[in-house]
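Novice: Below are the sequence and a predicted model; questions follow.
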Amino acid sequence: MGAIAIRTEGLSKRYRTSEALRDLNLEVAEGEAVGYLGPNGAGKTTTIRLLLGLIRPTKGRAEIFGLDCQHQAVEAHRRLAYVAGEANLWPSLTGAETLHLLGRVQGRVDQTYRDELITRFDFDPSKKVRAYSKGNRQKLILIAALMTRPDLLVLDEPTSGLDPLMEQAFRHSMHEARERGQTVFLSSHILSEVEALCDRVGILREGVLVDMGTLSEMRHLSALIVEATFDGSVPDLSHVPGVESVQTEGRVVRCQVRGTVEPLLKVLAASGVHELLSREPSLEELFLAHYGAGPEPEDEPPRAS
Amino acid sequence: MPAGRWPGSVIARLTARKAARSGVLWGYVFGVFVASTALGYAATYKTQTERDHLATTFGTNAAIDALIGPARQIQTVAGFTAWRSLGVLSIVGAVWGLLAATRLLRGEEDAGRWEALLAGQTTPRRGAAQALIGLGVGAATLWMLTAVVTIAVGRSSKVDIDVGAAMFFALVLVASAVMFLAVGALASQLAATRRQAAAYGGAALGLSYALRLVSDSSTRFGWLRWVSPLGWVEQLRPVTASRPLVLLPIAGFTAVLVVSAISLAGRRDLGASVLPDRNTAEARTRLLSGPLGLAIRLARPTVAGWAVAIGVFALLLGFIAKAAGEAISSSSSAEHAISHLGAAGSGPGAFLGVTFLMVALLVALMAAAQVAAARTEEAGGELDNLLVRPVRRWSWLVGRLVVATVACVISGLIAGVCSWVGEASQHSGVRFTTLLGAGFNIVPPAVLLLGVGLLTLGIWPRAVSITVYGVLAWSFLVDLIGGIIGLNHWVLDSSIFHQMAVAPAVAPNWTTNGILVAVGLAMATIGGIAFMHRDLQGA
């Protein structure tokens, strides 16, 4: 493992009424891609705003490339780029003006790459920010971040508002970044996004990092929810390998599958299945299954407070 | 009322709740103003001789006539109260109406909340009509509170206004608020953003005030008062010689605006404007290389608008100064050199000395808007885009402060030059350097207000807007009422305008001005240090 890109020690943030982040110890190596997972309100945005020096920790400290996030923020920011989940930009500037400003402020821009990104994301920079849709504004801050080719990309639910085609373009850009050795810190509540892009995953719940490991170590998290409707009698699925949490309601059976679905499919095919639905479980469902039902998570403080 | 029972009236109820809340707050302000004017006058001028003396000095001062309307029967408590309250509160009420309407119509639409509401069981036209009913509830609340206080004060034997007259008086006091609610509603349909709508409405208010001011400065222009909404309000002459018939143009004007606003709301797309708004633009990147350039770029359109308003107003004051000043020199005495409303001396200089308070108010308003814009940049999250890049917090704040301060100085310069151009065209004889000095003399209170705003931004960011506009409204009210009814000097000192010399009637006091600027910059520095060490805070 090379040098350290992000390091936090006992990082904590308390707001008047709630503890948003408790005693976070985190290390991200240079060149690594780390996913930061958690349901809404878990403290993901608070962590990122602490890393960026936009808010002050109640306790503990954080470093980016060995630079203190509070006291050497400007030096640290020279090497990173950040994409917020909600693009709040100056409404009276056009897309091109915004890119110009943000590039000048950052100090370095790969012009060729910028133009490539504009084409890739099918972005029209001549409009005023006020006239862009949410998705287009999101494209704008993505391009602004990527065009500087930063050593570290900090992304806070960056694909909100993007359509599937653009999500594809986003993933493509992330793979490029990884190939160039850029470090990626991706906060998300979509498991598949993190699985597709990251080597390691940290799981945050109610302000506490409850789990951290490589994707294969976290394999126990990935599961499939299968819902089958039968024509006739309902078979017993509870003994099929990989199947758990079986619930039966009339002729409908709902269960979770880990690992390969082959054994289940064999049983289903033999039992006259009429309708089959499968989907990825939401993070909340996974958390409920793995970490038990905790107290209701409090709403994440609005952006900054 | 349960939400399910009248699902079609949800917009009316939401708007009514917000407008009524604001109506209650300002109803108190109106009431307190009326009560303190009446009781303060009765306490300060106890004998009829004193009151007659006041009437001969103030009742014939053309500068004051121009500023807040002609004085009638101010040797009585009721007459004085009617004159002073109407002059001040009709402007305050108009601003209230304008801001309330643009905030609750265009502001809600900007924020995307209309989209959710109009997805329900209503149409844009009905939605706008409902919102206007809600605003009407707000205006009714304002009227009721004002009326209650006026009736209560009127029952005092010292004041003596009967119930009917008090209710009519309260109606007159809120008449401009009602008209400018309608102006704001129409502007909200014409413009593409809340700020733009407020600017259109502000221009209408400025024009209306300017016409009224000119009409009262000299009998030659008297007819102009019939083309100004604020002129109509004045012609209602409550308490002294009520003319309820003048309510007709007021009602007609309001009705026409309301009907146009509702009909336009049905004819345009949600989020779009009636007047063309360009959504694409050629990139102009010359200034966009850092926080200072960005601050200039963002402030430029607003500051340009303010500068035009200030320039036109100063030009107008200069233009009428000679005619108005002649009326002063023939009758006024110098005895009341105790406030901005009792400027010493005579002639055009004295007229400009009194009326420059309004120019100072405009410059301070512009300063307040600049601080509020800085806070909006933080609250809206735009600032994050700079601060997550290699930009220091202080360089953003200093950029904003420098732009706002320079804008104030330029406005002062424009005020001085334009008033001289107007005045020189009439050969009034006030020297250019005197007026230039008077122009710069109105800058320090604005800088002081900038300091107050930045201090608040550092220690209590969510209160920035209410603080700067609150301090400004307070100062304006105190200064207009203070000198005459002998307010305590601590209260007078709390006005940012109180230390300002009445230039060009008297010479500016540059030492005092230096202190005002220094205090403002000191407050800005403390606020800046606090800002450096706190969390960024959203709305």
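Specialist: Everything's here; your move.
Novice: Give me the next element, helix or strand, following the longest helix seen in chain B.
Specialist: In chain B, taking DSSP state H as the definition, the longest helix is helix B:291-331. Using DSSP states H and E, the next helix or strand after helix B:291-331 towards the C-terminus is helix B:347-379.
Novice: Could you check what's spatially nearest to the residue of the stretch 1-150 of chain A found nearest chain B, not counting adjacent residues?
Specialist: Per Cβ to the nearest Cβ, A:N88 is where the stretch 1-150 of chain A lies closest to chain B, at 3.1 Å. For glycine as for every other residue, the C-beta is placed from the backbone atoms N, C-alpha and C. Spatially, and ignoring its direct neighbours in sequence, A:N88 is nearest to B:G381 (3.1 Å; Cβ to Cβ, 6 or more residues apart in numbering or on different chains).
Novice: Go ahead and confirm that neighbour touches A:A84.
Specialist: Yes: counting by Cβ atoms under 8 Å, B:G381 does reach A:A84; the two are 7.3 Å apart.
Novice: Name the residue in the two with the higher neighbour count.
Specialist: Per other Cβ atoms under 10 Å in any protein chain shown, whichever of B:G381 and A:A84 has more neighbours is A:A84, with 25 against 18.
Novice: what does chain B put close to chain A?
Specialist: Proximity of chain B to chain A (Cβ under 8 Å from any Cβ of the partner chain) is limited to residues B:192-193, B:278-281, B:283-285, B:288-291, B:294, B:297-298, B:301, B:377, B:380-382, B:384-392, B:533-539.
Novice: Please indicate which of the residues you listed are buried?
Specialist: Those of the residues of chain B next to chain A that meet the buried threshold are B:192-193, B:283, B:285, B:288, B:290-291, B:294, B:297-298, B:377, B:380-382, B:384-391, B:534-538, by 16 or more other Cβ atoms under 10 Å in any protein chain shown.
Novice: and residue 232, how many residues sit next to it?
Specialist: This is for chain A. Look at A:G232: counted by other Cβ under 10 Å, it has 9 neighbours.
Novice: looking at chain B here, not the other one
Specialist: Using other Cβ under 10 Å: B:W232 sits among 23 other residues.
Novice: Then the one 3 residues further on?
Specialist: For B:Q235, the tally of surrounding residues (other Cβ under 10 Å) stands at 17.
Novice: That one is in contact with B:R225, isn't it?
Specialist: Yes: the pair formed by B:Q235 and B:R225 meets the contact definition of Cβ under 8 Å, at 6.5 Å.
Novice: In three-state terms, how would the residue in the stretch 151-300 of chain A that chain B sits nearest to be classified?
Specialist: Nearest residue of the stretch 151-300 of chain A to chain B, counting by Cβ to the nearest Cβ: A:V154, 8.2 Å away. Three-state assignment for A:V154 (DSSP: H, G, I helix; E, B strand; the rest coil): strand.
Novice: repeat for A:G35
Specialist: strand.
Novice: Ignoring the adjacent residues along the chain, who's closest to it?
Specialist: That would be A:V194: by Cβ to Cβ, 6+ apart, it lies 3.3 Å from A:G35.
Novice: Okay, buried residues for the host helix or strand of the one you found please.
Specialist: Assigned by DSSP H and E, A:V194 belongs to helix A:191-197. Using 16+ other Cβ under 10 Å as the test for burial, helix A:191-197 gives A:L191, A:E193, A:V194, A:E195, A:L197.
Novice: Confidence-wise, which of these comes last?
Specialist: Within the set of those, pLDDT is lowest for A:L191 (77).
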